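Student: attaching a predicted model along with its sequence, questions to come.
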Amino acid sequence: MKNKIRKASLAIVLCVGYAYLNSAQAQNNGWGEGAKLEDAEVVVEKNRVIELPSAARNFEKFKVEPPAVVDRAVKYRFEDYRLPEQDIELQMRVLTIKQDELTKLYGNYLKAGLGNYGTLYLKGFFHNKRSENSSFGANVSHVSSARGPEVKSQAAVSNTNLALHAEKYLPGFSIGGRLGYERDKNHFYGYAPSLQTEVDEDTTKQVFNRVHANGYIHNQTSGAKLIYKTGVKLNYLKDHFNLSEVNAAINLNSEYSIDTLSGFRVNGDLSFVSHKDSSTVSRTFFKLNPSYERQFGVARVTLGANIAYTGDEVNDARQFNIYPQFRLGLEPIEDNLLLYLGLGGDLQRVTLYELTKENPWIAPKVDVADINKGLEVYGGFSANLSNYVHLTGRVAYQNYRNLYFYNNSRADSTKFDLVYDDGVTNVFNIYSEAVFDYIDEIRLGLKLDYNKYNTASLDHAFHRPELMASAFATYNFYDKILFNSELYYIGSSFGRVYRPDGSFVTQETDNIIDLNLKADYKFTNTFTVFLMANNILGNKYERFVNYPVKSINVIGGVTYSF
């Protein structure tokens with residue numbers, strides 16, 4: 001610092017001295033033209049030391065005295081403010097999201113139409129609307145044709161039924177029942193048209209009166225560990241020739257969940273049939289099916305047994321049977337792909353109540369026996385593709401005893417007896433189904449059922465076709481027009497017709513192709529017109545030997561919903 005001060009002082013002295021000398025020289029000689037600087041020598045002597053005094057420095061911070069603590073009393077004042085006593089109507093509006101209005105339900109409808117062959121078509125369905133406590137309703141139906149395909153009035157048919165149903169929802173369980181009556185009228189018209197004038201119409205008439213009633217109780221929606229459904233059933237059948245049948249039955253379906261991976265199932269059936277014709281036959285049926293199921297990752301295993309008893313004696317029926325059961329299911333893609341295989345057996349109850357619906361031309365005094373499926377080995381799959389396509393396939397090899405077949409009666413070829421194979425009937429079955437369903441607008445489907453029969457004593461599997469297939473399509477056009485179409489194919493089968501001299505001839509039925517169309521046009525939500533056309537191809541094919549069906553049958557009418 002001192003050296004810097006000394007250098008600065010020296011520079012100042014030199015500048016001052018130089019300025020002084022120039023000033024003196026200018027005064028003596030001037031700065032005019034011709035002025036001349038004389039040579040001179042300047043000597044600077046450094047003989048003084050400039051010393052500056054030391055500055056006083058104070059390193060102590062300013063000291064701020066804290067304020068004195070003074071007691072301060074804070075006073076609070078509470079005032080009681082009151083609104084004036086008068087009625088004030090506050091207009092308040094709560095902002096809410098508007099709920100969608102419930103779609104109006106039309107739980108009832110009446111349908112009426114007329115068609116060729118003197119056809120009358122009446123349908124009625126009645127049901128209660130939305131209810132959390134109960135469900136009940138009724139339906140009525142009458143469809144009749146005054147004329148048939150061949151022998152006119154002697155081929156007339158009619159079907160009338162009335163049914164009631166109700167179910168009550170109670171805490172933890174539900175209880176319900178059904179009651180119905182059906183009258184089914186047909187004629188035995190499978191004889192040569194040349195005999196029409198010789199046949200008494202009353203002798204060809206067959207009328208079935210059926211009554212069915214059942215009651216049940218279940219807790220299938222309770223979420224309990226033990227799920228059950230049990231019921232009682234009574235079916236009654238009486239025909240025009242004083243045949244009658246009564247079937248009283250009890251059934252039970254139950255499932256107990258041990259945990260989320262395993263559980264038990266127990267199903268059972270008990271049936272008593274009394275069949276009265278020229279004689280009285282009693283038939284007892286019992287079946288108990290316990291099983292255990294366990295989940296192992298994507299695999300589910302079922303082990304169980306079918307324990308069954310039948311009181312039949314037809315064709316030396318085996319009365320007591322035990323069938324082991326095994327099933328393995330794999331679900332590699334949950335809810336989209338299921339693969340399964342298994343083996344087992346079953347005893348299936350057969351009654352005239354059901355057989356007369358399948359074939360109304362059954363002869364009197366037939367022998368009815370339960371079907372004994374001794375062994376079945378099967379495998380299949382179920383798949384969902386893109387939420388629109390559902391595929392199902394199944395292959396099985398089955399062994400049957402007392403599998404019934406229909407064959408023309410020796411006494412009257414217009415009627416059909418039940419015949420059985422003396423031994424085991426082997427059946428190779430392939431079943432497949434594909435359904436495309438797009439947002440309730442378009443629905444397409446295809447089904448195929450193939451059965452290859454290998455009989456032990458019968459020449460043919462009488463009136464059991466090998467191949468049955470069907471295709472259907474529905475299209476909903478803006479909820480205004482609804483189209484339905486169905487195409488059926490049923491392969492040919494065989495029947496044996498006996499001649500008066502005791503000889504017989506085996507006849508093959510037709511390959512059946514049947515196309516049906518239906519269209520509904522909705523004028524309003526309450527009124528709709530419809531048109532149905534059955535057997536459009538007009539083929540009078542025979543499903544049973546000597547029984548051709550009607551050609552094209554057209555029915556048109558209206559539907560009223562309310």
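Tutor: Now that the structure is in, tell me what you want to look at. For clarity, every value in this text was computed on a predicted model and none was experimentally measured. Residues are numbered from 1 along each chain as shown.
Student: C-alpha only now, for contacts and for neighbours.
Tutor: Fine.
Student: quick one: the strands in the stretch 151-300 of the chain, in order.
Tutor: Listed from the start of the chain, the stretch 151-300 of the chain has strands (DSSP state E, counting those that start in this stretch) covering 157-170, 173-187, 205-218, 226-238, 244-257, 262-276, 280-296, 299-310.
Student: turn these into a markdown table, columns for mean pLDDT.
Tutor: Below are those laid out as a markdown table (pLDDT from 0 to 100):
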| stretch | mean pLDDT |
| --- | --- |
| strand 157-170 | 96 |
| strand 173-187 | 96 |
| strand 205-218 | 97 |
| strand 226-238 | 97 |
| strand 244-257 | 97 |
| strand 262-276 | 96 |
| strand 280-296 | 96 |
| strand 299-310 | 97 |
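Student: dump stretch 131-144 to CSV, restricted to CA.
Tutor: Only the C-alpha atoms of stretch 131-144 are listed here, as CSV (Å, rounded to 0.1, in the frame of the first residue of the first chain):
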residue,chain,number,x,y,z
SER,A,131,-90.7,-56.1,-9.7
GLU,A,132,-88.2,-56.9,-7.0
ASN,A,133,-90.6,-59.2,-5.1
SER,A,134,-92.1,-61.6,-7.6
SER,A,135,-92.5,-62.7,-11.1
PHE,A,136,-95.7,-64.2,-12.5
GLY,A,137,-97.5,-64.6,-15.8
ALA,A,138,-99.4,-66.8,-18.3
ASN,A,139,-99.3,-67.8,-21.9
VAL,A,140,-101.9,-69.2,-24.3
SER,A,141,-101.5,-70.7,-27.7
HIS,A,142,-103.7,-72.2,-30.4
VAL,A,143,-102.4,-73.3,-33.8
SER,A,144,-104.5,-75.5,-36.1
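Student: Provide the contact partners of that stretch at residue level.
Tutor: Where contact means CA atoms under 8 Å, 6 or more residues apart in numbering, the residues beyond stretch 131-144 that reach it are 118-128, 156-170.
Student: now stretch 499-519
Tutor: Looking at stretch 499-519 with CA under 8 Å, 6+ apart, the contacting residues turn out to be 410, 481-498, 530-537, 539, 541-545.
Student: buried stuff in it?
Tutor: In terms of neighbour count (16 or more other CA atoms under 10 Å), stretch 499-519 has its buried residues at E508, T509, D510, N511, I512, I513, D514, L515, N516, L517, K518, A519.
Student: ends of it, how far apart?
Tutor: This stretch, stretch 499-519, spans 46 Å end to end (CA to CA, to the nearest Å).
Student: tell me where the model's unsure across the chain.
Tutor: Using pLDDT under 70 as the threshold, the predicted model of the chain has low-confidence ranges 1-105, 151-152, 192-198.
Student: now, the contacts of stretch 499-519 that are in strands?
Tutor: Using DSSP state E to define strands, the subset of the contacts of stretch 499-519 located there is 481-490, 494-498, 530-534, 542-544.
Student: hmm, back to that, just the buried ones from the contacts of stretch 131-144?
Tutor: By the neighbour-count criterion of 16+ other CA under 10 Å, the contacts of stretch 131-144 include these buried positions: 119-127, 156-167, 169.
Student: of the contacts of stretch 499-519, just the buried ones, PyMOL syntax please.
Tutor: One line in PyMOL is enough to select the buried members of the contacts of stretch 499-519, burial here meaning 16+ other CA under 10 Å:
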select buried, resi 410+481+482+483+484+485+486+487+488+489+490+491+492+493+494+495+496+497+498+530+531+532+533+534+535+536+539+541+542+543+544+545
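Student: the spatially most central residue of the chain and N476, how far apart?
Tutor: Residue closest to the mean C-alpha point of the chain, counted by CA atoms, centre = their mean, is H390 at 10.4 Å. Distance check for H390 against N476: by CA to CA, it reads 20 Å.
Student: same check, this time on P171
Tutor: Distance from P171 to N476, counting by CA to CA: 39 Å.
Student: what's the answer for T119, then?
Tutor: When CA to CA is applied, the distance between T119 and N476 equals 27 Å.
Student: again, but for F530
Tutor: For F530, the distance to N476 (CA to CA) stands at 14 Å.
Student: and what of A305?
Tutor: Using CA to CA, we find A305 at a distance of 46 Å from N476.
Student: returning to what we had before: JSON lines please, covering the buried residues of stretch 499-519 and showing distance to G148 and secondary structure.
Tutor: Putting the buried residues of stretch 499-519 into JSON lines (distance: CA to CA, whole Å; DSSP: H, G, I helix; E, B strand; the rest coil) gives the following:
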{"residue": "E508", "distance to G148": "22", "secondary structure": "strand"}
{"residue": "T509", "distance to G148": "19", "secondary structure": "coil"}
{"residue": "D510", "distance to G148": "19", "secondary structure": "coil"}
{"residue": "N511", "distance to G148": "21", "secondary structure": "coil"}
{"residue": "I512", "distance to G148": "18", "secondary structure": "strand"}
{"residue": "I513", "distance to G148": "19", "secondary structure": "strand"}
{"residue": "D514", "distance to G148": "17", "secondary structure": "strand"}
{"residue": "L515", "distance to G148": "19", "secondary structure": "strand"}
{"residue": "N516", "distance to G148": "18", "secondary structure": "strand"}
{"residue": "L517", "distance to G148": "21", "secondary structure": "strand"}
{"residue": "K518", "distance to G148": "22", "secondary structure": "strand"}
{"residue": "A519", "distance to G148": "25", "secondary structure": "strand"}
